[in-house]
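Asker: Fold the following.
(chains A and B)
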Amino acid sequence: MLDIRNIVKQYADHRALDDVSMFIPKGKIFGLLGPNGAGKTSLIRIINQITAPDSGSIFFDGEPLSPKHVERIGYLPEERGLYKKMQIGEQMIYLAQLKGLSKEESKQRLKYWFERLQIESWWDKKVEDLSKGMQQKVQFVATVLHEPDLIILDEPFSGFDPVNAQIIQEEILALNKKGATIIYSTHRMESVEALCDNIALIHKSRKILDGSVRDIKEAYRNQTYTISYDPLQAGDPIPQQEELYEIIKHEQGVEQNLTIRIQEGKSLNDVLLFLIPQVQVHQIFEIIPSMHDIFIDKVTLNN
Amino acid sequence: MNKIILIIQREYLSRVKKKSFLLTTFLVPLFFIGLYVGVFFLTKKSFEDSNALVYVLDKTDSVQQLLTNNKNITYAKSNQELQEQLKTIKEAGDKTNLLIIPEDFYTAKKIEFLSAGKPNINTQNEIEKQLEKILLNYEYGQLGIDGEQIKNIDPKVIVSAKEITDAGETKDSDTRIAMGIAMALSVLIYLSLFLYGAQVMRGIIEEKSNRIVEVIISSVKPFQLMMGKIIGIGLVGITQFILWIVLTFSLISIATTTLIDKEELKNQMVEQQQAQAGDLASDASFAMDIQSALNGVDIPELLICFFLFFLAGYMLYSAMFAAVGSAVDNETEANQFTMPITTPLLLAYVLSFGVLVNDPHGTIATWLSFIPFTSPIAMLVRIPFGVPTWQIILSFVVLVATFIVTTWAAARIYRVGILMYGKKASFKELIKWFNYKS
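Answerer: Model (predicted):
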């Protein structure tokens, strides 16, 4: 869908993007991650052709990005905003028309969306009469009304209560199912695993990690497991075997919880063979690093 | 191109549909009409009210027969005793009065005027005038001069100012009228440039602080948004002017035909003038002067020039206001930039009441009418005094060229400024933005 190659953007005293390249596959949800001030918004503005890069190029569906693509992109900026004194319906139609939709068409689609989100009664209201969360909902509709092929959402959930965040998340997934490619920019990692197929991590103007969520997590697996067990006899010591595993954590709950990292060259089976004669094993699960951990790990490493 | 029309449409309609727009559009002409009707009614009223009956107690026995009746005053000889007479007057009410002319009237020049209520000032004035005339004739008689002969001597000089036109003909011209029109134009163009320029700035600040600007410029180019706004608001200004002109003229003609009986008023005025003999004649001829002087000013030319210079001046200033609006986060912050921008305008405005109207073809006035930042005011102030066409055209061309350059420069600052939040801009910063690669 989008092929970003070697983008450089220099502002007067700092470099916002330094040789950033990434590929955003069609029909996927792509997480654009990074701490505040990393350069996410700069990149998004370049994709939206709000600003131009100093060097580098972007290809949209194989063609060099040009103003004609504007109508195929929907953009929800992080800083939300609508005309406060304008009626909602009128305003939505205006924004859709700017994206190349006819007046009639936008009216029809708007009716559909307002019914779907059960906000029909808002049509004649002014934006200033709505709560912040309601405005966000309206703005989300404005972003997707022209059925763009590429939807760019910058922190789409900020300002939503959990119920509405859930509704919007479902809408995003539904749009993706219908074929829209979505760029989801955030610095909140919890939602990334639920939503994203692929991610790129930007830090200090550079891309420091990208790939599919599964591959990245796979790459970050490090043979860490938590084993819940009961000792065969009360008071038995914690089983130890330095050549086999290293103990990271031990917790005494209803049962014993032992977190271990298996030494290189050994497998979980080896550990089990060692443990089973000594303890009653109840459950074993692998500790896979969350995107959150990877994010923090990567960012602090690069500081 | 289609999108800029959408933007113009929104900017225009959202303003025209506002209550405040409708209010000012209708209130301003109504204010003028109110003034006009008010003055007419008051004038009319003052004529009607003076329909008075005046009893005369003439102790000289010679003055009474010299007083003349007219529509406003009827004189009657007082036949009763003073006390009785006063009683009848009190009973008769407001419009009955008693004039007591003492025996030594010709030397003391004093009379007494008694009324039931508050005496009417017009009646008093008229009696005073008649008596003064009687006294004057009496004094002439004493000196052995024929009063009628004196009357025929009229020392009034009429200065018929004519202007030599290019064709070598003469044309009526009256500097007083030109001055009036010039000053009115100066006020009008100054206020409207300021008003609509500031609206452009406010609109941009609103979009920026609302953050909607980022949504819009992901659909259109910043230049389209800026131009759409400038043109939209300019059209609002033109709409307002046209509505004002149309409404004022139509309301005045309606008011004149329905509210005021013109014939009657005219008759009254004529009578009034006759009654006061030569005194008002000069005023009447002054009114005629105004008429002919207005004919001397080329109204269509003036209107066309007004619209052209307003438009070009507006484009110039609104582009600068737009650049300022994009650079700041709120209106208070904008002041440091608007001050230097509007100084030339203010200068031309202030000068228009002195140097420009007093010496409309002098060096200062001519230069100011060519410098684009002052020409919208300075040239319009000069036009009622007659300016060669080539000067008007040259000044306009310079103005248009300047606004094209200014708009281009403003757009370069604008495209960067609208995305800069929370950054305190300085002039140095603006220059940096201007130099950014697009």
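Asker: Does stretch B:422-429 reach chain A?
Answerer: No - remark: stretch B:422-429 sits outside contact range of chain A, by C-beta under 8 Å from any C-beta of the partner chain, the gap being at least 9.0 Å. In this view, the C-beta of every residue, glycine as well, is placed from N, C-alpha and C.
Asker: what is the rounded mean pLDDT of that stretch?
Answerer: Mean pLDDT, stretch B:422-429: 76.
Asker: Between the two ends of that stretch, how far is it?
Answerer: From the first residue to the last, stretch B:422-429 extends over 13 Å; the measure is C-alpha to C-alpha, to the nearest Å.
Asker: And whichever residue of the stretch 51-200 of chain B sits closest to chain A, what's its pLDDT?
Answerer: Per C-beta to the nearest C-beta, the residue of the stretch 51-200 of chain B with the smallest distance to chain A is residue B:199, at 13.8 Å. In this model, residue B:199 is scored at 93, pLDDT.
Asker: Tell me the backbone dihedrals of the residue of the stretch 51-200 of chain A found nearest chain B, please.
Answerer: Of all residues in the stretch 51-200 of chain A, residue A:81 sits closest to chain B, at 3.1 Å by C-beta to the nearest C-beta. The phi/psi pair for residue A:81 (degrees, to the nearest 10) reads phi -170, psi 140.
Asker: I'd assumed residue B:216 was in contact with it.
Answerer: No - with contact taken as C-beta atoms under 8 Å, residue A:81 and residue B:216 are classed as non-touching, separated by 9.4 Å.
Asker: Need the residues touching each of those two.
Answerer: Residues within reach of residue A:81 and of residue B:216 at once, by C-beta atoms under 8 Å, 6 or more residues apart in numbering or on different chains, are residue B:207.
Asker: Which parts of chain A are helices?
Answerer: A:40-47, A:88-98, A:103-116, A:132-144, A:162-177, A:190-195, A:213-220, A:268-275, A:291-301 (DSSP state H).
Asker: Next, count neighbours for residue B:231.
Answerer: 18 (other C-beta atoms under 10 Å in any protein chain shown).
Asker: was I right about it contacting residue B:9?
Answerer: No - Residue B:231 sits out of contact with residue B:9 when judged by C-beta under 8 Å, with a separation of 10.3 Å.
Asker: quick check: domain ranges of the chain?
Answerer: Using chain A. Listed domain ranges for chain A are A:2-218, A:222-287 (source: the TED database).
Asker: That was the other one, I meant chain B.
Answerer: Dividing chain B into domains by automatic domain parsing, as the record does, gives the ranges B:50-151, B:165-255+B:288-435.
Asker: Deepest in the core, which of those domains is it.
Answerer: Using mean count of other C-beta atoms under 10 Å in any protein chain shown, the stretch among the domains of chain B with the greatest mean number of neighbours is domain B:165-255+B:288-435 (a mean of 18).
Asker: Name the residues of the stretch 1-150 of chain A found near chain B, please.
Answerer: Applying the criterion C-beta under 8 Å from any C-beta, the portion of the stretch 1-150 of chain A that neighbours chain B consists of A:12, A:45, A:48-52, A:54, A:67, A:70-71, A:73, A:75, A:77, A:79-86, A:94-95, A:97-99, A:139, A:142.
Asker: filter those residues to the buried ones?
Answerer: Of the members of the residues of the stretch 1-150 of chain A next to chain B, the ones counted as buried by neighbours, 16 or more other C-beta atoms under 10 Å in any protein chain shown, are A:45, A:48-51, A:70, A:73, A:75, A:77, A:80-84, A:86, A:94-95, A:97-99, A:139, A:142.
Asker: thought the residue of the stretch 51-200 of chain B closest to chain A was touching residue B:235?
Answerer: No - look at residue B:199 against residue B:235 with C-beta under 8 Å: they stay out of range, at 11.9 Å.
Asker: Report the outermost residue of the chain with respect to its centre.
Answerer: Reading this off chain A. Relative to the centre of chain A, the most outlying C-alpha is that of residue A:233, 47.6 Å out, by C-alpha atoms, centre = their mean.
Asker: Not quite, go with chain B.
Answerer: In chain B, counting by C-alpha atoms, centre = their mean, residue B:81 sits farthest out from the average C-alpha position, at 55.7 Å.
Asker: residue in the stretch 101-250 of chain B nearest to chain A?
Answerer: Across the stretch 101-250 of chain B, the shortest distance to chain A (C-beta to the nearest C-beta) belongs to residue B:211, at 3.1 Å.
Asker: Please name the nearest non-neighbouring residue to that residue.
Answerer: Among residues not flanking residue B:211 along the chain, residue A:81 sits closest, at 3.1 Å (C-beta to C-beta, 6 or more residues apart in numbering or on different chains).
Asker: residues touching the one you found, list them.
Answerer: For residue A:81, the contact set (C-beta under 8 Å, 6+ apart) comprises A:139, B:207, B:210-215.
Asker: ok so, going back, which residue, other than its chain neighbours, is closest to the residue of the stretch 51-200 of chain B closest to chain A?
Answerer: With C-beta to C-beta, 6+ apart as the measure, residue B:233 is the residue that lies nearest to residue B:199, at 5.2 Å, once sequence neighbours are left out.
Asker: any idea how far the one you found is from residue B:198?
Answerer: Using C-beta to C-beta, to the nearest Å, we find residue B:233 at a distance of 10 Å from residue B:198.
Asker: can you check residue B:221 too?
Answerer: Distance, residue B:221 to residue B:198, by C-beta to C-beta: 24 Å.
Asker: And for residue B:360?
Answerer: Residue B:360 sits at a distance of 29 Å from residue B:198 (criterion: C-beta to C-beta).
Asker: of all the residues in the stretch 151-300 of chain A, which ones are close to chain B?
Answerer: With the criterion set to C-beta under 8 Å from any C-beta, the stretch 151-300 of chain A never comes near chain B.
Asker: show me where pLDDT drops low in the stretch 151-300 of chain A?
Answerer: Counting by pLDDT under 70, the stretch 151-300 of chain A contains no low-confidence residues.
Asker: returning to what we had before: most packed of the domains of chain A?
Answerer: Among those, domain A:2-218 has the highest mean neighbour count (mean count of other C-beta under 10 Å), at a mean of 18.
Asker: Check the separation of the first and last residues in that domain.
Answerer: With C-alpha to C-alpha as the measure, domain A:2-218 spans 25 Å from end to end.
Asker: beta partners for residue A:126?
Answerer: Counting by DSSP bridges, residue A:126 forms beta bridges with residue A:87.
Asker: mind listing what it touches?
Answerer: Applying C-beta under 8 Å, 6+ apart to residue A:126 gives the contacts A:84-88.
Asker: before we move on, back to that, give the contact list for the residue nearest to residue B:199.
Answerer: Residues near residue B:233 by C-beta under 8 Å, 6+ apart: B:11-12, B:15, B:196, B:199-200, B:203, B:318.
Asker: what about 7 Å?
Answerer: Listed by C-beta atoms under 7 Å, 6 or more residues apart in numbering or on different chains, the contact set of residue B:233 reads B:11, B:15, B:196, B:199-200, B:203, B:318.
Asker: Grab the two from those that are most spread out in space.
Answerer: In those, two members sit farther apart than any others by C-beta to C-beta. They are B:15 and B:318, at 13.7 Å.
Asker: Residue for residue, what is the longest helix chain B has?
Answerer: For chain B, the helix with the greatest residue count under DSSP H is helix B:175-210.
Asker: by contact count, what packs against it?
Answerer: helix B:222-254, helix B:281-296, helix B:299-327, helix B:331-351, helix B:355-358, helix B:375-382 (3 or more C-beta pairs under 7 Å, 6 or more residues apart in numbering or on different chains; DSSP states H and E).
Asker: Now do stretch B:204-214: distance to the chain's middle.
Answerer: Using C-alpha atoms, centre = their mean, to the nearest Å, the distance from the centre of stretch B:204-214 to the centre of the chain it belongs to is 38 Å.
Asker: measure the closest residue to residue A:231 other than its chain neighbours to residue A:233 for me?
Answerer: Nearest-residue entry for residue A:231: residue A:279, 5.6 Å, with adjacent residues in sequence omitted and distances by C-beta to C-beta, 6+ apart. Summarising the geometry, the distance separating residue A:279 from residue A:233, computed by C-beta to C-beta, is 10 Å.
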